[in-house]
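Chemist: pasting the sequence and the predicted model now:
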Amino acid sequence: MDLVTPDFGLIFWTLVTFLLLVFLLSKFAWKPILKMVNDREASIEDALKAAERARDEMKSLQADNEAVLKEAREERERILKEAREMKNKIVSDAKDIAIAEGEKAIASAKAAIAAEKASAIAELKNQAAVLSIEIAEKVLGKELSAENKQAEMISKMIDEVKFN
Amino acid sequence: MVGSIAALGAGLAVLGVGLGIGRIGGSAMDGIARQPEASGKIQTAMIIAAALIEGAGLFGIVVALLGL
Amino acid sequence: MFKSLVRYTAAIALLFASFQLNAQDKDAHTATVDQSTTAEDHQVVSEDHNQTTESVESQKIHTSKEDSELNITELIMHHISDSHEWHFFDIDGQPYSLALPVIVYTKNGFSAFSSSVFHHNDNGEVVYTASNGDRFIKVHDIIYIASEKKNHEAWAEHGEDHKVTNAKPTIDISLTKNVVNLFLGVVVMLALFMGISRKYENGVPRGRASFIEPLVVFVRDDIALQNIGKKNYMRFTPYLLTLFFFIWINNILGLFPGGANLTGNIAFTMSLAALTLIIVNVNAKKEYWIHIFWMPGVPVWVRLMLAPIELVGVLTKPFALMIRLFANMTAGHIVILSLLSLTFIFKSLAIAPAAVALTLFIYIIKVLVAFLQAYIFALLTALFIGQAVEEHDHH
């Protein structure tokens, strides 16, 4: 029975000291400790957030870099393609021109050859005529005595000439 | 003689409380084994339930002590 | 801060010393030592602050310890209850103890004197007359007002069941063994926690702060935050922290040899439980009272039935807190002392190793229980506060 009978003196002292302790420790111990802990937690959170932000920034930077690189690569690709096309065009143009020129040259050469040939033929004809007249004069001098023989010979010669 | 009867009462009170808290502890262990990730919540619930049962047992002990 | 603490402690020690000297003074002049046959055997030996008095009655107690079992019960009961002197040990039947100040108030006013005026007498055979004329006796470590006439060697009157029926002083706020241990706990706490902010370097805990901080965070997160909720927990965290460390440190101090059974004293646990009751009900929101008097969601007749049960629950919750701590700590002390006493019960040295081993085992468990009970007390207080300040959105 004595064990479970509270004693006033101890209740008094317990309440007094405990409440004093609550007051003192709240003010001088728990407040600073909790503040330190909170500050540290806040700073850790901030640091984590900053790291997150930095990582995001890095990511976006990387993405930017990638985009720029990709663009550059495309540009290069495009330029190369253009150059290739231009080269091909130039080559083909040059080929065309060369072919045309060649054809022209051939044509003119052919024309010249034809002209030469014609003139040569004409010359040959003239020469042949001269020669034939000379021959004819010579032959005539001897053989034109016989009239029919003369005529026969002339027509024969003319035929021959016509062949050319 | 009153003292010894009181002691008997205290013993009986403790018997029931022991059984009750034992069951809570066993079930809590089961729960934790099944769901280790919920062990924190299970522990708190266990302590609260055990405290409630213990409270009932403590009344018995106090009555026994009053007879001492 | 620490230096000033040391100064305060020294001042308290001086106060005690002055009580001792004062008491010795009065001893010579006013204390009525009503034992004509043994008076010449009294000699007051002052040793440091400890007063050792060799008295015949203490020897009498020793020689009469034939019935060991009964005396061990008495010894244990004496150890777990409060006392007006801090007894350390006996050498050759001579007790070495620190006499503690008695502060009482009667209708004649306050009286303060050292308990050494009773010469270790605990049966009311020695009367002390205070300067205001009040006459006091001490029976079983309780101060009574002495009877007018002597009654079987003692100045006390006994009822049927040998209980003292003398009047007690109106107010008795003596600095008993428990109170001194309480002060010791406060000194330890102040020494541990005051000026803790200076132990931080750039927000990093050093020294004792690195030991205390995890415990503080534990109380804040696992006790306050988890049970009270995000909105209100910071308001109650300082109280819960003080409560937790107060109980824990006093539990531990009680485990030291010579320590008092302070946390196993019903007055101590009652004070703390009463504070819990007050804090819970003062901070209770409307919801809490609605749940007590008019439980929502159940038929009316159930509501009428539940109201008284819930109302009783308001009181039983702190009551269980009070009894839990008291019973746990007291039981622990009784078990330790009983196991140690096995040697003396069996009167054999052979049993001593087993008794010591068992005691050590229980001691280790008690260290755990010291923490556990502090945790449970703080946890349940937080839980009750949480229930009281909780606000539901769905009602």
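Modeler: Now that the structure is in, tell me what you want to look at.
Chemist: up against chain C, what does chain A have?
Modeler: Chain A has residues A:2-15, A:17-18, A:20-22, A:24-26, A:28-34, A:36-37, A:39-40, A:43 near chain C, with proximity defined as Cβ under 8 Å from any Cβ of the partner chain. (Glycine included, C-beta is placed from N, CA and C.)
Chemist: can I get the buried part of those residues as one PyMOL selection?
Modeler: The PyMOL selection below is limited to those of these classed as buried (16 or more other Cβ atoms under 10 Å in any protein chain shown):
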select buried, chain A and resi 3+4+6+7+9+10+11+12+13+14+15+17+18+21+22+24+25+26+28+29+30+32+33+34+36+37+40
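Chemist: filter the residues of chain A next to chain C by proximity to chain B?
Modeler: Near chain B, by the rule Cβ under 8 Å from any Cβ, you find A:3-4 out of the residues of chain A next to chain C.
Chemist: which helices and strands does the helix or strand harbouring C:F246 pack with?
Modeler: C:F246 belongs to helix C:233-255 when assigned by DSSP states H and E. Judged by 3 or more Cβ pairs under 8 Å, 6 or more residues apart in numbering or on different chains; DSSP states H and E, helix C:233-255 is in contact with helix A:8-25, helix A:31-143, helix C:177-193, helix C:266-282, helix C:300-346, helix C:352-389.
Chemist: which helices and strands sit right next to the fourth one?
Modeler: Yep, that's helix C:266-282 we're talking about. Against helix C:266-282 (3+ Cβ pairs under 8 Å, 6+ apart) you get helix A:8-25, helix C:177-193, helix C:233-255, helix C:300-346, helix C:352-389.
Chemist: of all those, which one is nearest C:A273?
Modeler: When the helices and strands packed on helix C:266-282 are compared by Cβ to Cβ, helix C:300-346 sits nearest C:A273, at 3.7 Å.
Chemist: so how far is that closest one from its chain's centroid?
Modeler: Offset of helix C:300-346 from its chain centre (Cα atoms, centre = their mean, to the nearest Å): 17 Å.
Chemist: kindly report the same for stretch C:118-135.
Modeler: 24 Å.
Chemist: tell me which residues of it come out buried.
Modeler: C:118-130, C:134-135.
Chemist: now stretch C:138-153
Modeler: C:138-139, C:141-147.
Chemist: nearest to A:I154, of those residues?
Modeler: Once Cβ to Cβ is applied, the member of these that ends up nearest A:I154 is C:D141, at 185.7 Å.
Chemist: residues touching that closest one, list them.
Modeler: C:78, C:81-84, C:122, C:176 (Cβ atoms under 8 Å, 6 or more residues apart in numbering or on different chains).
Chemist: could those be laid out in CSV, adding secondary structure, distance to chain B and pLDDT?
Modeler: Shown next, in CSV, are those (DSSP: H, G, I helix; E, B strand; the rest coil; distance: Cβ to the nearest Cβ, whole Å; pLDDT from 0 to 100):
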residue, secondary structure, distance to chain B, pLDDT
C:H78, helix, 15, 82
C:S81, coil, 12, 83
C:D82, coil, 16, 85
C:S83, coil, 19, 86
C:H84, coil, 23, 87
C:D122, coil, 20, 80
C:T176, coil, 21, 89
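Chemist: ok, and of these, which contact chain A?
Modeler: Applying Cβ under 8 Å from any Cβ to the contacts of C:D141, those adjacent to chain A are C:81-82, C:176.
Chemist: secondary structure class of the nearest residue to B:I42 once chain neighbours are set aside, three-state.
Modeler: Sequence neighbours aside, B:G31 is the residue nearest to B:I42 in space, at 4.8 Å (criterion: Cβ to Cβ, 6 or more residues apart in numbering or on different chains). For B:G31, the assignment made with DSSP: H, G, I helix; E, B strand; the rest coil gives helix.
Chemist: need the contact list for the spatially most central residue of chain C.
Modeler: In chain C, the centroid-proximal residue (Cα atoms, centre = their mean) is C:L262; its distance is 2.5 Å. Residues in contact with C:L262 (Cβ under 8 Å, 6+ apart) are C:178, C:181-182, C:185, C:250, C:253-254, C:268.
Chemist: still on that earlier bit, drop anything exposed from the ones next to chain A among the contacts of C:D141.
Modeler: C:81-82, C:176.
Chemist: ok, now how distant is the most centrally placed residue in chain A from A:N88?
Modeler: The centroid of chain A falls nearest to A:K81 when counting by Cα atoms, centre = their mean (1.6 Å). Distance, A:K81 to A:N88, using Cβ to Cβ, to the nearest Å: 11 Å.
Chemist: now do A:L15
Modeler: 103 Å.
Chemist: do B:T44 as well
Modeler: B:T44 is 81 Å from A:N88, by Cβ to Cβ.
Chemist: more neighbours, these two?
Modeler: B:T44 (16 against 10; other Cβ atoms under 10 Å in any protein chain shown).
Chemist: give me the residue from chain A nearest chain B.
Modeler: A:V4 (5.3 Å; Cβ to the nearest Cβ).
Chemist: wait, that residue touches C:I266, no?
Modeler: Yes. Contact status for A:V4 versus C:I266: in contact at 5.3 Å, counting by Cβ atoms under 8 Å.
Chemist: show the backbone phi and psi for C:K285.
Modeler: phi -90, psi 170 (degrees, to the nearest 10).
Chemist: right, I mislabeled it, should have said C:L175
Modeler: phi -80, psi 80.
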